[in-house]
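K.L.:
Build me a model from this:
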Amino acid sequence: NLAAFEAAGIETMSPVRAAATILENLVLRPSFFRLLAAGDGAEHVEEVKVTSPESEKQTLAALALKGCVVVALRRGGRLATPNGGTKLRAGDVLTLLGSEAAIENARAKLHINE
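P.N.:
So this is what the prediction gives:
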């Protein structure tokens, strides 16, 4: 049924595809996989959505997020690699890597709605 769901625009993930993705990351990106699988809980990867009017149209550099980095930005269904000059828009989804406290601070700055 995966093909039918995907044709309808529904995001899907089969157990087989999930296992294959994990194995691929284990082989091709061992350092990244170890980071995500680390048991000490020091680093987190989270997605947060920009909802704050104060954050909209600011650059990432102007936000001065400390203790975490923005590793990806999803805007309108497209994935982008952000940099300090990237201007945020309402609805942008940022993928953050950092400590739990740093990500919570970023969430507060961006007025994230869960």
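
K.L.:
Just the endpoints, please. Distance across stretch 24-43?
P.N.:
End-to-end span of stretch 24-43 (C-alpha to C-alpha, to the nearest Å): 22 Å.

K.L.:
That stretch - what's its average pLDDT?
P.N.:
Averaged over stretch 24-43, pLDDT sits at 67.

K.L.:
cool, and stretch 53-62?
P.N.:
Stretch 53-62 carries an average pLDDT of 84.

K.L.:
Restricting to C-alpha, output that stretch in PDB.
P.N.:
Extracted in PDB, the C-alpha atoms of stretch 53-62 (Å, rounded to 0.1, in the frame of the first residue of the first chain):
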ATOM      1  CA  PRO A  53       6.900  37.600  14.400                       C
ATOM      2  CA  GLU A  54      10.100  38.900  16.100                       C
ATOM      3  CA  SER A  55      12.100  36.100  14.600                       C
ATOM      4  CA  GLU A  56      10.700  36.300  11.100                       C
ATOM      5  CA  LYS A  57      12.900  38.100   8.600                       C
ATOM      6  CA  GLN A  58      15.900  38.000  11.000                       C
ATOM      7  CA  THR A  59      19.000  36.300   9.900                       C
ATOM      8  CA  LEU A  60      20.300  33.200  11.700                       C
ATOM      9  CA  ALA A  61      23.400  35.100  12.700                       C
ATOM     10  CA  ALA A  62      21.300  37.900  14.300                       C
END
